[in-house]
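Colleague: The sequence and its predicted three-dimensional model are supplied below.
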2 protein chains.
Amino acid sequence: MKAGLNGRVATLVGDSPLNRAGKLALADSLKTQVTEILKEKIFAGALKPGDALREMHIAREYSVSQATVREALLQLEQLGLAVRMANRGTIVTKLTPQDVRDRLEIRSELDPMACIKASAKLTEDDFAYLERLAKEISKDYKTPNYNFYETSQIDFQFHRYIWQRSGSPVLCATLEQVTLPLFAFIGLLRQVGVEERRTGDPHKPIIEALRSGKARQITQVVRAHFENSYNHFIESNSDDLQAVIEGRR
Amino acid sequence: MKAGLNGRVATLVGDSPLNRAGKLALADSLKTQVTEILKEKIFAGALKPGDALREMHIAREYSVSQATVREALLQLEQLGLAVRMANRGTIVTKLTPQDVRDRLEIRSELDPMACIKASAKLTEDDFAYLERLAKEISKDYKTPNYNFYETSQIDFQFHRYIWQRSGSPVLCATLEQVTLPLFAFIGLLRQVGVEERRTGDPHKPIIEALRSGKARQITQVVRAHFENSYNHFIESNSDDLQAVIEGRR
DNA sequence: TTTATACCGATTACCGATAATCGCTTGACA
DNA sequence: TGTCAAGCGATTATCGGTAATCGGTATAAA
């Protein structure tokens, strides 16, 4: 099985100051490898909302046992990317517009909280890393027909890194769980051209606000950042949006 | 294996308007049964923070396979009651005072949010149920040497029911995950007499605020409710507290 | 045609056993 | 005596197979 530790995203994620401090990434368990592969497929759109995730099929595909796949699917569920129904099976999460709104509302409270905590702790190393990520994202935005799902993963890593630096593991974990599906499925929206193109570098203001250390400014900038990205969700409820989110094709 | 569907707590939880609307509680899977038993033991203090949860031992004890126990432990971890370390094993969560503070801070943002959403939807049936729970809790407080862990479970059910009624599954799940460990381990504090005795019925004001439907009042009352309960955590950092939380005996 | 029911294929749930891994001990060696 | 690596016991990780369960379908009765 390919370990899934290659590619631009893995490099950027693995080369964070947090990881550099520790030792090199140790070999993951089979369960985690399967989870990573499925996660990647969901981000890439190879697995769409509503798609069935059958344990034996996946087990055969990657030459692992059903038990290993089961645990991977449990992990996926915990990440919010899959839904398990007892005795029925597992499918890729189908986000409803209301669900998206709910997740954004939670994020709008917790993300600023985490950023404020982090701003007091971020070092120059951290800022350098964040700027590197921001530059990658910005570069992608300027490229026509880029792999949006890669950008989305880097985007997630940008925010997640700040959350990790908040010093509150539980806050970080909560934000990860609540927002990961948003990052995972935003790629689908791009496919139908729903999301408007950003101008400039949307993460620059966040970095500046974090540098300023001013709580009010951070809150304002952070909320504006993602509320802008998901505007169409908050406002609209159109059928094609619904269709994309629910995985109809 | 005892199904764990007996006792006062199970009756109160199972007899909610939400459950009454549906069909009777269907038989849980073995995995869930094991999870429930372990959860019960943690609430009751039979399993203390730091205690090892060995898969084969538990499997033998309840005559189930190791795989079933593994999945139960994964569920426990997702509930925040256990911590798994790859290749090392699983232990009952050891909350640090800082962790408690972090969880309370998150709750102080999300709990009011959920309560405000719920207040618009609660029916008389709901209020009747909440008042019934509140009465049970209040009754316990007046009883010397009561089973605090039972009260704690009912307390959790009281809040959880409101969260469920918020209409946001994601918000409810998040609050459950963040706060369950707080409810589970508060029983330990009682053992050393740290928590002050409450006067009157602490949940009455919440019900009244929910009835009023006023966002500001709800926020104020809800925050006061649990910030009062955990005051010693927020303020103190004494060694005996630490000892209790970390499971030293 | 409608409804109830027994069966069937596909899939999940669970099991018992083996392989891999970890921390710790032991003992050779400087 | 201190150090380090091989070996050991306990435990987790993974496997392959069996049992239980579900939805759907074919069949039969009304």
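Modeller: Perfect, I can see it now.
Colleague: Only C-alpha atoms from now on, for both contacts and neighbour counts.
Modeller: Will do.
Colleague: Can you get me a residue count around A:Asp111?
Modeller: Applying other C-alpha atoms under 10 Å in any protein chain shown, we find 25 other residues in the vicinity of A:Asp111.
Colleague: again but with A:Arg211, I slipped
Modeller: Counted by other C-alpha under 10 Å, the residues lying close to A:Arg211 total 16.
Colleague: contacting residues for it?
Modeller: The neighbourhood of A:Arg211, defined by C-alpha atoms under 8 Å, 6 or more residues apart in numbering or on different chains, consists of A:Ser119.
Colleague: can you confirm it is in a helix?
Modeller: Yes: residue state for A:Arg211 (DSSP: H, G, I helix; E, B strand; the rest coil) corresponds to a helix.
Colleague: Quick check: phi and psi at A:Val92.
Modeller: With angles defined as degrees, to the nearest 10, A:Val92 shows backbone torsions of phi -70, psi 140.
Colleague: Also A:Leu122?
Modeller: Backbone geometry at A:Leu122, expressed as degrees, to the nearest 10, gives phi -70, psi 130.
Colleague: And A:Ala52, by the same measure?
Modeller: According to degrees, to the nearest 10, A:Ala52 has phi -80, psi 140.
Colleague: which element is the residue of chain A most remote from its centre on?
Modeller: Among the residues of chain A, the one whose C-alpha is farthest from the average of all C-alpha positions is A:Asn87, by C-alpha atoms, centre = their mean at 28.8 Å. Applying DSSP states H and E as the criterion places A:Asn87 outside every helix and strand.
Colleague: Could I get the pLDDT score of it?
Modeller: Per-residue confidence at A:Asn87 stands at 95 (pLDDT).
Colleague: Check the contact between A:Leu76 and A:Gln33; I expect there is one.
Modeller: No: at 11.5 Å, A:Leu76 does not count as touching A:Gln33 under the criterion of C-alpha atoms under 8 Å.
Colleague: Please point out which parts of stretch A:212-228 sit buried.
Modeller: Taking 16 or more other C-alpha atoms under 10 Å in any protein chain shown as the basis for neighbour counts, the residues of stretch A:212-228 that come out buried are A:Gly213, A:Ala215, A:Gln217, A:Ile218, A:Thr219, A:Val221, A:Val222, A:Arg223, A:Glu227.
Colleague: possible to save those as JSON lines with pLDDT?
Modeller: Output for the buried residues of stretch A:212-228, formatted as JSON lines (pLDDT from 0 to 100):
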{"residue": "A:Gly213", "pLDDT": "96"}
{"residue": "A:Ala215", "pLDDT": "97"}
{"residue": "A:Gln217", "pLDDT": "97"}
{"residue": "A:Ile218", "pLDDT": "97"}
{"residue": "A:Thr219", "pLDDT": "97"}
{"residue": "A:Val221", "pLDDT": "96"}
{"residue": "A:Val222", "pLDDT": "96"}
{"residue": "A:Arg223", "pLDDT": "95"}
{"residue": "A:Glu227", "pLDDT": "81"}
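Colleague: Nearest to DNA strand C, out of those: which one, please.
Modeller: Within these, the smallest distance to DNA strand C is 35.9 Å, found for A:Glu227 (C-alpha to the nearest atom of the strand).
Colleague: how many neighbours does A:Thr57 have?
Modeller: Heads up, residue A:57 is His, not Thr. Neighbours of A:His57 under the rule other C-alpha under 10 Å: 12.
Colleague: Break down chain A into its helices, ranges please.
Modeller: Listed in chain order, the helices of chain A (DSSP state H) span residues A:7-14, A:17-21, A:30-44, A:55-62, A:66-78, A:97-119, A:124-142, A:148-165, A:169-191, A:204-212, A:215-229, A:231-235, A:239-246.
Colleague: re earlier: quick one: which of the buried residues of stretch A:212-228 is nearest chain B?
Modeller: Sorting these by how near they are to chain B, with C-alpha to the nearest C-alpha, puts A:Thr219 at the top with 14.0 Å.
Colleague: For that closest one, list the residues it contacts.
Modeller: Contact analysis of A:Thr219 by C-alpha under 8 Å, 6+ apart lists A:Pro112, A:Met113, A:Cys115, A:Ile116.
Colleague: Kindly recompute the last result at 10 Å.
Modeller: Listed by C-alpha atoms under 10 Å, 6 or more residues apart in numbering or on different chains, the contact partners of A:Thr219 are A:108-116, A:206, A:209-210, A:225.
Colleague: okay if I get the helices of chain A as a markdown table plus distance to B:Val83?
Modeller: Listed next are these as a markdown table, based on distance: least, C-alpha to C-alpha, whole Å:
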| stretch | distance to B:Val83 |
| --- | --- |
| helix A:7-14 | 24 |
| helix A:17-21 | 21 |
| helix A:30-44 | 16 |
| helix A:55-62 | 26 |
| helix A:66-78 | 14 |
| helix A:97-119 | 23 |
| helix A:124-142 | 28 |
| helix A:148-165 | 18 |
| helix A:169-191 | 13 |
| helix A:204-212 | 32 |
| helix A:215-229 | 32 |
| helix A:231-235 | 36 |
| helix A:239-246 | 34 |
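Colleague: near DNA strand C, which residues of chain A show up?
Modeller: Taking C-alpha under 7 Å from any atom of the strand as the measure of proximity, chain A contacts DNA strand C at A:Leu53, A:Arg54, A:Glu55, A:Met56, A:Gln66, A:Ala67, A:Met85, A:Ala86, A:Asn87, A:Arg88, A:Gly89, A:Thr90.
Colleague: near DNA strand D, which residues of chain A?
Modeller: By C-alpha under 7 Å from any atom of the strand, the residues of chain A that approach DNA strand D are A:Ser29, A:Leu30, A:Lys31, A:Ser63, A:Val64, A:Ser65, A:Gln66, A:Ala67, A:Thr68, A:Asn87, A:Arg88.
Colleague: Quickly note the distance from the last one to A:Glu55.
Modeller: Same thing as A:Arg88. Look at A:Arg88 and A:Glu55: by C-alpha to C-alpha, to the nearest Å, they are 11 Å apart.
Colleague: Of the two, which one has the most company?
Modeller: Under the criterion of other C-alpha under 10 Å, the comparison of A:Arg88 against A:Glu55 puts A:Glu55 first, with 20 against 7.
Colleague: got the contact list for that one?
Modeller: Residues A:Glu61, A:Ser65, A:Gln66, A:Ala67, A:Thr68, A:Val69, A:Arg70, A:Glu71, A:Ala72, A:Leu73, A:Gly89, A:Thr90 are the ones in contact with A:Glu55 under the rule C-alpha under 10 Å, 6+ apart.
Colleague: from memory the fourth one sits against B:Ala67, does it?
Modeller: This means A:Ala67. Yes: the pair A:Ala67 and B:Ala67 passes the contact test of C-alpha atoms under 10 Å, sitting 7.8 Å apart.
Colleague: circling back: just the residues of chain A next to DNA strand D now: which is nearest B:Tyr141?
Modeller: Each of these was checked against B:Tyr141 using C-alpha to C-alpha; the closest is A:Asn87, at 41.4 Å.
Colleague: Against B:Lys139, how distant is that closest one?
Modeller: Using C-alpha to C-alpha, A:Asn87 is found at 40 Å from B:Lys139.
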